[in-house]
Every structure is written in structure tokens, then in C-alpha cells.
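A.B. asks: turn this into a structure:
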Amino acid sequence: MTSHQNTQTMKPATAAKKLGVYLEATPAEFREGVVSRAELAALQAEPPAWLQELRRNGPHPRPVVAAKLGVSISGLARGGVTEALTTEQIEALKQDSPEWLRKERATQAEVRKEAARIKDKQAERASG
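C.D. replies: From the prediction side, this is the model:
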């Protein structure tokens with residue numbers, strides 16, 4: 001009996017998410033095929049020009065936009081940002097610093113501070 005190894009593949013949407021890029025901006029051959037784990041690893045290790053360009057200039061998916069702006073994905077939605085944004089658009093938002101962005105950044109800072117407080121308290125209980 002011979003054993004054979006199945007190649008694990010993923011949908012392009014999953015691969016795009018793992019690569020941190022907006023699926024609709026990827027080349028057609030990427031969107032229309034399947035991606036093996038080996039292909040994903042190769043894309044991560046040595047990104048082709050199209051992937052480098054997308055990571056540098058976008059359009060970026062909402063999780064990346066949220067991270068670059070320092071807000072949550074929900075905060076983006078509350079601010080009316082529902083589409084992918086380019087790096088240029090993100091920088092323009094940072095420069096303009098609209099009220100919703102300032103508010104969401106403050107909220108996110110409070111969330112981080114509270115999470116750190118809880119973590120410290122749990123560590124204190126564990127050691128004490």
C-alpha cells in the first residue's frame with residue numbers, strides 16, 4: 001500500500017486574507033484558482049511584484065485599514081468607511097483627522113488600556 005499526501009488548498013479569499021491584501025485587487029489568475037499551502041508560503045517568503053505593490057499602495061482590506069488608522073473594524077464602519085482604501089486615502093484621513101477618527105482612536109486606546117489592566121490583574125492573581 002502506498003501512501004500519498006493530499007495537497008491542502010484554500011480559496012483565493014482565504015489566501016488573500018492570510019496575505020493581508022484586498023482580493024478584488026489581486027490578479028485574475030490568483031482570484032480564479034486555488035492556492036496550496038506551499039504556494040502561500042512561497043508568496044509570503046518571496047512576494048511577487050503585484051503583491052509588493054498591493055501591500056505598499058493598496059487598496060487595503062478593512063482589517064489593514066483599521067490597523068493603519070489605529071481603530072477597530074467596527075470603528076471604521078461607525079465612521080462610514082465600508083470600502084477598501086489605498087495607502088494615499090489612509091494618509092489623507094490621518095492628515096484630516098476627522099472627529100470620528102479621533103473619537104475611535106481614543107476608544108481604541110481605552111480598550112487597550114483596559115485589556116492591559118485585566119492582564120496585569122490576572123498575572124497578579126496567578127503569581128499571588
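
A.B. asks: which stretches in this structure count as strands?
C.D. replies: Here the chain has its strands, by DSSP state E, at 9-10, 35-36.

A.B. asks: turn those into TSV, including mean pLDDT and distance to Lys119.
C.D. replies: For glycine as for every other residue, the C-beta is placed from the backbone atoms N, C-alpha and C. Output for the strands of the chain, formatted as TSV (pLDDT from 0 to 100; distance: least, C-beta to C-beta, whole Å):
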stretch	mean pLDDT	distance to Lys119
strand 9-10	90	33
strand 35-36	92	36
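
A.B. asks: for the protein, what helix or strand is lowest in average pLDDT?
C.D. replies: The weakest-scoring helix or strand in the chain, judged by mean pLDDT, DSSP states H and E, is strand 9-10 (a mean of 90).

A.B. asks: residues near Pro61, how many?
C.D. replies: A count of nearby residues for Pro61, using other C-beta atoms under 10 Å, gives 21.
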